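Undergrad: return a 3D structure for these sequence lines:
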Amino acid sequence: MGTKTIAIGADWAPDRATTAAVPWTLWCCVAAVTSVILGAHWDIAWHRSIGRDDFWTPPHVAIYFCGVLAGLACAWLILSTTFDRSRQANTVRIWGLHAPLGAFIISWGGAAMLTSAPFDDWWHNAYGLDTKILSPPHVLLILGVFGVMMGTMMLILGQMNRAERPTQRKLSLLFLYIGGMILVLLSILVMELTFRVQMHNAGFYRVVAVTMIPVLVGVGQASRQRWGATGAAAVYMLVICAFQWILPLFPASPKLGPVYYPVTHFVPPGFPLLLIVPALAIDLLRARFSAWPHWRLSLLLGTAALAVFIAVQWPFSNFLMTDYAKNWFFGTHYYDYGQGPRSSMRRNVFFLTDKSTADFYTRMAMAFGFATLTAWFGLGWGAWMRRIVR
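TA: As a prediction, the model looks like this:
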């Protein structure tokens, strides 16, 4: 490579043709990730506001467009690299095909997403509406989406870890964008466990420790940015806020019953978790104590991240239960059509699941234990991502 400037996506192969083609595939994958997140939140709002009326709704089209776009782009990358030996630098070989490893993962993810589409339609026709987010076709879809996202991260990392400083910074920002989108996807998967009425349960904080902390630690570690975890958390919060503020602007009305609340517009997801605060703690402590042994740093990061998250989210959840949060900004006055007048959401009261004070503290201690373990995993995952070059 010498000292030449490397363009975004370049150096997957040494010649000019490949250098010009790779940015197209990379940006297609980033667009695909954006499309699936848009479609997923739109689809959830559709179900909460209208109900399931047809398979070919606009949100479903946006979701499966991700699989088509990312799959075709990476199929082209795999085939063009395989049949041109001059493009095979910094690639892997699988079943006789050559391409960056991320391209193979994305292709599998796109195929899984498209396979889930007829499966989901058949599931609804056979069994009716979903009662949970994690139905079998949705699990296959989610695995496919994760494949596309992780493959896109690996495409970026393969170039970022070899790039010179100016280009590396540009790619790291793109990497943080995908990391934030992973946080958004995880928030969808645990949505049923993280509503505001559950924020005084130890289980809520255990869910955050298991799902969010490893991503914040790992993405921050791999990004090569001083404020990597904070950047990913900021992307997450901005995306959720955008849905929170934009979706209610569009009219919608229920087509299924029973209707317990008169919905007149799309129901947004709710105000985002305050993940930017533990992300700041992670970045500050990781920079200050980076020389510590892995296990000590994991204990520090996991404990501190969860502690500061509890310190801000617990009182903030109290605020969300007040009339001051019933406005367009915080949006606690939005309810889906299936929420009856006696539900905890409608009554603005916490739904407590811990059986006693002792049970609460026992489960909270478990949450801190999980936070340490997931921080340890995040550090290892981040270190591994820093070594990806193809």
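
Undergrad: check the gap between Leu114 and His47 for me.
TA: In this view, Leu114 and His47 are 21 Å apart by C-beta to C-beta, to the nearest Å. The C-beta positions use only the backbone N, C-alpha and C, and glycine is treated the same way.

Undergrad: who has more neighbours out of the two?
TA: When Leu114 and His47 are compared for neighbours, His47 comes out ahead with 21 against 16, by other C-beta atoms under 10 Å.

Undergrad: and the protein, what are its domains?
TA: With domains defined by automatic domain parsing, the chain comprises 1-182, 190-390.

Undergrad: any weak-confidence spans in the protein?
TA: Residues of the chain meeting the criterion pLDDT under 70: 1-23, 53, 86-88, 128-134.

Undergrad: centre-most residue in it?
TA: Nearest residue to the geometric centre of the chain (C-alpha atoms, centre = their mean): Ile182, 2.0 Å.

Undergrad: what about the helices in the stretch 201-350 of the chain?
TA: 202-222, 228-246, 276-288, 294-320, 344-347 (DSSP state H, counting those that start in this stretch).

Undergrad: JSON lines for those helices, including distance to Ala40 and mean neighbour count?
TA: Converted to JSON lines, the helices of the stretch 201-350 of the chain look like this (distance: least, C-beta to C-beta, whole Å; neighbours: other C-beta atoms under 10 Å):
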{"stretch": "helix 202-222", "distance to Ala40": "16", "mean neighbour count": "25"}
{"stretch": "helix 228-246", "distance to Ala40": "10", "mean neighbour count": "21"}
{"stretch": "helix 276-288", "distance to Ala40": "22", "mean neighbour count": "20"}
{"stretch": "helix 294-320", "distance to Ala40": "23", "mean neighbour count": "18"}
{"stretch": "helix 344-347", "distance to Ala40": "21", "mean neighbour count": "15"}
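
Undergrad: which one of these lies closest to Asp354?
TA: Among the helices of the stretch 201-350 of the chain, the nearest to Asp354 by C-beta to C-beta is helix 202-222 (5.7 Å).

Undergrad: quick one: list the elements packing against that closest one.
TA: helix 165-189, helix 228-246, helix 276-288, helix 294-320, helix 357-385 (3 or more C-beta pairs under 8 Å, 6 or more residues apart in numbering; DSSP states H and E).

Undergrad: so how far is it off the chain centroid?
TA: Helix 202-222 sits 12 Å away from the centroid of its parent chain (C-alpha atoms, centre = their mean, to the nearest Å).

Undergrad: likewise stretch 343-360?
TA: 27 Å.

Undergrad: what of stretch 85-94?
TA: Taking the mean of its C-alpha atoms, stretch 85-94 sits 30 Å from the chain's own mean (C-alpha atoms, centre = their mean).

Undergrad: may I have it as CSV, with CA atoms only?
TA: The C-alpha atoms that make up stretch 85-94 are tabulated as CSV, following Å, rounded to 0.1, in the frame of the first residue of the first chain:
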residue,chain,number,x,y,z
ARG,A,85,-7.5,-13.0,-9.6
SER,A,86,-6.2,-9.4,-9.4
ARG,A,87,-9.1,-8.6,-6.9
GLN,A,88,-8.3,-11.4,-4.4
ALA,A,89,-6.0,-9.6,-2.1
ASN,A,90,-7.3,-9.4,1.5
THR,A,91,-10.1,-11.9,0.9
VAL,A,92,-11.1,-15.3,2.1
ARG,A,93,-11.9,-18.4,0.1
ILE,A,94,-15.2,-20.3,0.9
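
Undergrad: ok, Gln198 - contacts?
TA: Applying C-beta atoms under 8 Å, 6 or more residues apart in numbering to Gln198 gives the contacts 204, 350-351, 353.

Undergrad: same check, this time on Thr152
TA: Thr152 makes contact with 26, 29-30, 32-33, 70, 102, 106, 178 under the criterion C-beta under 8 Å, 6+ apart.

Undergrad: go again with 10 Å.
TA: By C-beta atoms under 10 Å, 6 or more residues apart in numbering, Thr152 lies in contact with 26, 28-30, 32-33, 70, 74, 102-103, 105-106, 109, 174-175, 177-178, 181-182.

Undergrad: how about Ile63?
TA: Per C-beta under 10 Å, 6+ apart, neighbours of Ile63: 35-40, 42-43, 57, 113, 116-117, 120, 141, 144-145.

Undergrad: repeat that for 8 Å
TA: Contacts for Ile63 (C-beta under 8 Å, 6+ apart) come out as 35-36, 39-40, 43, 113, 141.

Undergrad: Arg363 is in contact with Asp354, isn't it?
TA: Yes: Arg363 is within contact range of Asp354, at 6.3 Å (criterion: C-beta atoms under 8 Å).

Undergrad: shared neighbours of those two, anything?
TA: Listed as contacting both Arg363 and Asp354 by C-beta under 8 Å, 6+ apart are 202-203.

Undergrad: what does Ala99 show for phi and psi?
TA: Torsion angles at Ala99 (phi, psi; degrees, to the nearest 10) stand at phi -180, psi 170.

Undergrad: now it: closest residue in space, sequence neighbours ignored.
TA: For Ala99, ignoring the flanking residues on the chain, the nearest one in space by C-beta to C-beta, 6 or more residues apart in numbering is Ile78 at 4.1 Å.

Undergrad: how much space between the one you found and Trp24?
TA: Using C-beta to C-beta, one obtains 14 Å as the distance from Ile78 to Trp24.

Undergrad: the two - which one has more neighbours?
TA: Neighbour totals were compared for Ile78 and Trp24, and Ile78 leads with 21 against 12 (other C-beta under 10 Å).

Undergrad: shouldn't the more buried one be in contact with Gly102?
TA: No: with contact taken as C-beta under 8 Å, Ile78 and Gly102 are classed as non-touching, separated by 10.7 Å.
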